[in-house]
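> Sequence first, predicted coordinates after that:
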Amino acid sequence: MNDVSADRRPYVVLSVAMSIDGHIDDRGPERLLLSSPEDFDRVDQLRADSDAVLVGAGTLRSDDPRLLVASPERRAEREARGLPAYPLKVALTGSGDLDPALRFWHHGGAKVAYAPDTAAAKLAERLDGLADVVGTGAALDPGAVLDDLGARGVGRLMVEGGGAVHTLFLTAGLVDEIQLAVAPFFVGDDAAPRFVLAGAFPQDPRHRMTLAETRMLGDTALLRYLVRRPPLTAADRHWLAEAVEESRRCPPSVTAYSVGAIIVAEDGTELARGHSREQGDPAVHAEEAALAKLDPADPRLATATLYSTLEPCSRRSSHPVPCAQLVRASALRRVVIAWREPALFVADCEGVELLEQAGITVLECPELAPAARAVNSYLELG
Ligand SMILES: NC(=O)C1=CN([C@@H]2O[C@H](COP(=O)(O)OP(=O)(O)OC[C@H]3O[C@@H](n4cnc5c(N)ncnc54)[C@H](OP(=O)(O)O)[C@@H]3O)[C@@H](O)[C@H]2O)C=CC1
Ligand SMILES: Nc1c(N[C@@H]2O[C@H](COP(=O)(O)O)[C@@H](O)[C@H]2O)[nH]c(=O)[nH]c1=O
């Protein structure tokens, strides 16, 4: 194993589709289709957005999945960004008993398998170069898996299941986000596989997750939970609401968002604020305008928070440097946003991911998203 610290671990998104009664499959020989076509498309997008996709040995044996990015456009888009067409494929096994004939090993790009040390040597021999095989110590250790993936440059990991693997990562407190698709039917069989097994989950009645988003995908409901984010404070809500007020000052534009941003020191002092297109500059963004008013060496920035009504941009045509990069280049380490950027001007904004990859804490306040969005109701947001 590579010896690296936990701060290089990837952001972990757990994705699962379950029936209303919490099952992720039935007991039949075929894979049960729970997702709607629209939800399968979400899964494909999430794979394309990930650096690695991980499944457990149980899923490999029962479903024999190929675990690819199906869309040629998404693969081309990855390649245009300098990435391999397919994310790294990752398998977890306790026993090391994985058949080299499984389709997993023969499609897509690079593969890596993790197993306890006792099983790893046997598996490496059996796979004979089909995948990198890495021992994680005496047990199958998910933290060691994340350390090794981080050292391989994986910034964003998608965990696709099944139930034992979901339980392993969740009970270890290693999941950042859950994308839970709920299919509109019952399986009605106690013995069918469940989303999770019994276990001690850090998220219990006293530690509730943040429901960041609900989305209708055909007949399937997508629930997006932020799992291990510290809760927002009353001061965070106050300042974000103030940023929404600031966004109302933006000169109208049918080709750009109206955004407000405020930078607040740890002691609650407002340091700077800005809004889109302020002072007659048709291209300036709110975060950029606020940052420009501060000395980059201001020592208060390191413990300050940037409140922005919209996710900082990751690509832009207006100015050369996107706001997520400006924030990364500043001393700021904490960002609170109300609203993720919809796919209107940019297909896939990665502002939050870019910030998190730089170790910046990003918190979302879903209850202020409708207000931030309402200021932009003149745009065709879909
Ligand atoms: N609806 C959905 O979104 C999805 C559904 N599924 C379904 O999930 C089911 C499979 O789930 P499940 O059987 O739980 O299998 P998993 O895919 O979770 O893999 C379980 C295996 O991983 C290894 N493992 C996991 N945790 C540990 C641990 N703590 N210590 C040692 N080894 C560990 C073991 O491998 P080994 O056996 O080699 O020792 C274990 O058998 C299938 O029916 C599949 O269709 C799967 C993915 C998504
Ligand atoms: N049935 C089911 C899922 N099943 C999972 O999808 C994976 C196989 O993908 P592929 O290689 O593309 O065929 C595998 O892990 C399988 O268990 N996923 C979902 O999002 N929704 C669903 O309804």
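The structure has been received and is ready for your questions. Because the structure is predicted, anything quoted here is derived from the model rather than measured. Ligands and ions are numbered 1, 2, ... in the order given.

> from here on, contacts and neighbour counts on C-alpha atoms
Noted.

> Counting neighbours, what do you get for residue 370?
12 (other C-alpha atoms under 10 Å).

> To clarify, my last question referred to residue 327.
Residue 327 - counted by other C-alpha under 10 Å - has 23 other residues nearby.

> Name the residues that touch the least confident helix or strand in the chain by mean pLDDT?
Of all helical and strand segments in the chain, the minimum by mean pLDDT, DSSP states H and E falls on helix 351-357, at a mean of 87. When contacts are defined by C-alpha atoms under 8 Å, 6 or more residues apart in numbering, helix 351-357 is touched by residues 10-11, 155, 311-314, 323-325, 327-328, 361-362.

> how about 10 Å then?
Helix 351-357 has contacts (C-alpha atoms under 10 Å, 6 or more residues apart in numbering) with 7-11, 49, 154-156, 310-315, 322-325, 327-328, 333-335, 337, 340-341, 350, 359-364.

> buried ones in that helix?
Neighbour counts over helix 351-357 (16 or more other C-alpha atoms under 10 Å) mark 351, 352, 353, 354, 355, 356, 357 as buried.

> Just the C-alphas of the very next helix or strand once past it, formatted as PDB.
The C-terminal neighbour of helix 351-357 among helices and strands, as given by DSSP states H and E, is strand 361-364. Extracted C-alpha coordinates of strand 361-364, given in PDB (Å, rounded to 0.1, in the frame of the first residue of the first chain):
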ATOM      1  CA  THR A 361     -15.100  22.700   2.600                       C
ATOM      2  CA  VAL A 362     -18.300  23.300   0.600                       C
ATOM      3  CA  LEU A 363     -21.600  23.400   2.300                       C
ATOM      4  CA  GLU A 364     -25.000  23.600   0.600                       C
END
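
> Strand 361-364 pairs with which strands, parallel or anti?
Under the criterion DSSP bridges, strand 361-364 sits next to strand 334-339 (parallel) in its sheet.

> Checking residue 181 next. Helix, strand or coil?
The three-state assignment at residue 181 reads strand, by DSSP: H, G, I helix; E, B strand; the rest coil.

> Who are the contact partners of it?
Here residue 181 is in contact with 15-20, 34-36, 39-40, 42-43, 214-217, 220-224 (criterion: C-alpha under 10 Å, 6+ apart).

> Please name the bridge partners of it.
Taking DSSP bridges as the rule, residue 181 bridges to residue 17, residue 222.

> how much space between it and ligand 2?
Going from residue 181 to ligand 2 by C-alpha to the nearest ligand atom, to the nearest Å gives 7 Å.

> Could you check the pLDDT of that residue?
Predicted confidence (pLDDT) for residue 181: 98.

> With residue 2 instead?
We have a pLDDT of 33 for residue 2.

> ok, residue 238 to ligand 1 distance?
Residue 238 sits at a distance of 38 Å from ligand 1 (criterion: C-alpha to the nearest ligand atom).

> ok so that residue is a helix residue?
Yes: the assignment for residue 238 is a helix, going by three-state DSSP.

> Identify the residues contacting it.
Applying C-alpha under 10 Å, 6+ apart to residue 238 gives no contacts.

> Going forward, the N-terminal residue is numbered 145.
In the new count, where the first residue is 145, that last one comes out as residue 382.
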